[in-house]
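Q: For reference, the sequence and a predicted model appear below.
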Amino acid sequence: MKNKNFFLCAVLLGSMSFGNVFAGKSKPKVAAVPQRVIAIDYNQAKGPLNTQFKECIGAGRANEGLRADWLQQLALVKKECGFKYIRMHGLLTDDMGLYREDKNGKPEYNYQYIDVLFDYLLSIGMKPFVELGFMPEALASGKQTIFWWRGNVTPPKDYNKWEALVRNMAQHFTERYGENEVKSWYFEVWNEPNLKGAFWTGTQEEYFKLYQYAVNGIKSVNKAYRVGGPATAGAAWVPEMIEFCHKNSLPLDFVSTHTYGVKQGYLDEYGNSGTVLSKDPMAVSGDILNSRKQIQNSAMPGLELHYTEWSASYTPSDPIHDSYHEAAYILQKIKQVGDAATSMSYWVFTDIFEEAGPRFTPFHGGFGLLNYQGIKKPAYYAFTFLNKLGETELTNNDSESYACKNSKGDVQLLLWDFTNTHPGDSVNNQVYYVRDLPAKNKGKVVVSLSGIPQGNYTMELYKVGYKVNDAYATYYAMNKPNQLTKQQVEEIKKANDGSPVAKEEIQIAADGKFSQALDLRENDVWFVNLVKR
């Protein structure tokens with residue numbers, strides 16, 4: 001059998017509804033188009049692949065984790081994307097039934113809902129990244145809440161009772177799951193306390209006091225349990241948090257904070273203020289790199305850095321989350337960050353997410369990788385492709401790709417184009433990304449591999465882009481119905497199921513070379529998989 005690495009047969013190419021994916025042998029001469037070459041040597045290993053992108057994933061609130069559809073979706077995401085931890089709001093909020101006080105003001109604790117949720121997480125091989133928030137009403141100093149589900153955002157009326165609650169929780173987890181298991185968890189104190197009046201009515205000083213009592217409560221159960229913060233919005237308070245803990249000899253096992261890639265608008269779960277995707281090429285990633293620098297220049301230079309929320313936009317009413325642009329955006333930011341973060345927790349895995357209450361349309365700009373019916377968005381495939389990469393990263397000078405191999409001898413190349421097509425401040429995301437947005441041609445990308453062991457391989461090609469695994473485009477073609485029938489849901493799922501766009505049995509000759517030319521459009525994502533037979 002001769003080497004067929006360069007082109008698939010004409011019959012296969014002709015069957016592809018989206019046109020040629022490979023360079024043809026002979027074409028009429030046209031004006032020169034850009035050609036990008038990704039040259040990889042199988043024998044030049046960079047080292048173990050940094051998998052911080054799948055360390056953690058976000059979810060809306062703990063009570064949503066008691067729903068059957070949420071649990072089913074999480075199991076799928078765990079299986080196909082490989083996430084290890086999950087972080088969510090509202091663990092201490094009253095709909096989880098954790099805390100109350102008797103008529104004499106004595107605390108009473110109840111873990112029935114939390115146990116159901118955490119038992120399930122562990123049963124599917126995930127661990128909780130425990131966010132300590134929001135304030136139980138019986139312990140709250142005020143009545144101010146946030147979101148449809150009314151998370152209380154006021155400081156505790158009694159900090160000793162707050163410490164006792166946190167201690168009791170850590171002790172319960174120890175008794176139920178064992179100290180070795182709980183040692184592998186993270187405890188993060190509160191959420192975005194720098195957004196005064198939104199997530200926290202207190203001052204920075206009061207947040208540091210909240211942290212002090214919380215960390216003392218957890219460490220009194222086991223000093224090895226990991227505690228951190230400040231879980232701020234906009235990469236804020238990192239030097240201040242480290243300085244406070246260092247000055248007061250308080251444990252700080254990790255720093256956590258958040259960043260999003262939009263400008264304009266404000267915290268707004270309904271998206272009414274309007275958001276604009278930043279034109280800064282280092283949006284998101286620049287914040288993370290700067291946080292790492294702040295830690296390195298601090299009194300605690302070796303701290304872990306967890307970005308426990310990040311995405312293109314901070315509102316669950318931003319259609320960029322549903323758009324094919326989001327897949328390339330995710331990959332671009334992860335690649336730019338490199339080793340700076342211990343984890344980047346994408347916000348969130350599912351549109352079963354009720355900050356604004358139950359949503360009324362199937363594609364409403366929700367944060368999720370999946371919509372609430374379990375339809376996979378382009379963003380979902382960014383993480384499944386990352387999860388398919390082998391454990392060894394290969395040396396690669398291309399800034400928009402990963403090349404890897406695994407212990408079986410398989411080779412993977414994940415490549416993309418990220419082009420910020422947003423027109424600028426004159427148009428909000430809420431207007432721009434709901435349109436039909438055809439992708440412009442970016443020429444060819446040539447994958448050139450050398451040193452591959454001789455033998456027979458199966459070549460699989462996967463793609464995400466405009467109208468390819470682009471669920472919103474299928475929904476758009478249905479005239480965007482406010483409600484989907486069961487048949488329509490299945491139709492969208494089938495049209496965007498992530499199957500290979502091409503598959504072929506090939507042979508690598510003794511020279512170990514493989515080359516393939518692919519058509520590339522704006523914000524296309526390709527995954528090339530060579531599976532040794």
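A: That came through fine.
Q: can you give me the offset of stretch 155-170 from its chain's centre?
A: Relative to the mean C-alpha coordinate of its chain, stretch 155-170 is positioned 31 Å out (Cα atoms, centre = their mean, to the nearest Å).
Q: what comes up buried for that stretch?
A: 155-156, 158-159, 161-170 (16 or more other Cβ atoms under 10 Å). Using the backbone N, CA and C atoms, a C-beta is placed for each residue, glycine as well.
Q: ok now do Val153, which residues does it touch?
A: Applying Cβ atoms under 8 Å, 6 or more residues apart in numbering to Val153 gives the contacts 134-135, 144-146, 198-201.
Q: Neighbour-wise, which one of those leads?
A: Highest neighbour count within the contacts of Val153, by other Cβ atoms under 10 Å: Met135, with 29 neighbours.
Q: Kindly check the end-to-end length of stretch 152-167 for me.
A: Stretch 152-167 has an end-to-end distance of 20 Å (Cα to Cα, to the nearest Å).
Q: can you give me the mean pLDDT across it?
A: Averaged across stretch 152-167, pLDDT comes to 98.
Q: Filter the buried residues of stretch 155-170 down to the ones in strands?
A: The strands, defined by DSSP state E, take in nothing from those.
Q: In helices only, show me those residues.
A: 159, 161-170 (DSSP state H).
Q: Would you tell me which one of the residues you listed comes nearest to Lys377?
A: Distance to Lys377 across these (Cβ to Cβ) is lowest for Met169, with 34.4 Å.
Q: quick one on the thing from earlier: any chance of the ones in helices among the buried residues of stretch 155-170 in JSON lines, with distance to Lys279 too?
A: Output for these, formatted as JSON lines (distance: Cβ to Cβ, whole Å):
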{"residue": "Tyr159", "distance to Lys279": "44"}
{"residue": "Lys161", "distance to Lys279": "48"}
{"residue": "Trp162", "distance to Lys279": "43"}
{"residue": "Glu163", "distance to Lys279": "46"}
{"residue": "Ala164", "distance to Lys279": "49"}
{"residue": "Leu165", "distance to Lys279": "45"}
{"residue": "Val166", "distance to Lys279": "43"}
{"residue": "Arg167", "distance to Lys279": "48"}
{"residue": "Asn168", "distance to Lys279": "49"}
{"residue": "Met169", "distance to Lys279": "44"}
{"residue": "Ala170", "distance to Lys279": "45"}
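Q: rewinding a little: the contacts of Val153: which two are farthest apart?
A: Met135 and Ala198 (14.1 Å).
Q: gap between the nearest residue to Val276 once chain neighbours are set aside and Ile330?
A: Distance criterion Cβ to Cβ, 6 or more residues apart in numbering; nearest residue to Val276, sequence neighbours excluded, is Gln264 at 4.5 Å. The gap separating Gln264 from Ile330 is 21 Å, by Cβ to Cβ, to the nearest Å.
Q: can you check Ala473 too?
A: 18 Å.
Q: more crowded one of these two?
A: Between Ala473 and Ile330, Ile330 has the larger neighbour count (other Cβ under 10 Å), namely 29 against 22.
Q: check contacts around that one.
A: Applying Cβ under 8 Å, 6+ apart, the residues near Ile330 are 346, 379, 382-383.
Q: Report the two of those residues separated the most.
A: Greatest spatial distance in the contacts of Ile330: Tyr346 and Ala382, 9.0 Å, computed using Cβ to Cβ.
Q: Which neighbouring elements make contact with the helix or strand containing Leu121?
A: Applying DSSP states H and E as the criterion places Leu121 in helix 112-123. Here helix 112-123 touches strand 127-132, helix 159-177, going by 3 or more Cβ pairs under 8 Å, 6 or more residues apart in numbering; DSSP states H and E.
Q: hmm, 6 Å instead?
A: Under the contact criterion of 3 or more Cβ pairs under 6 Å, 6 or more residues apart in numbering; DSSP states H and E, helix 112-123 touches no helix or strand at all.
Q: Enumerate the positions of it that are buried.
A: Here helix 112-123 shows 113-114, 117-118, 120-121 as buried, counting by 16+ other Cβ under 10 Å.
Q: Looking at those, which one is closest to Gln73?
A: Nearest member of these to Gln73, counting by Cβ to Cβ, is Tyr120, at 12.4 Å.
Q: wait, what's in contact with that closest one?
A: Taking Cβ atoms under 6 Å, 6 or more residues apart in numbering, we find Tyr120 in contact with no residue.
Q: Now do it, the pLDDT please.
A: At Tyr120, pLDDT is 98.
Q: next one: Ile114
A: Reported pLDDT for Ile114: 98.
Q: Please tell me how far the nearest residue to it once chain neighbours are set aside sits from Lys161.
A: In space, and not counting its chain neighbours, Ile114 is closest to Met96: 6.1 Å by Cβ to Cβ, 6+ apart. To Lys161, Met96 is 17 Å away according to Cβ to Cβ.
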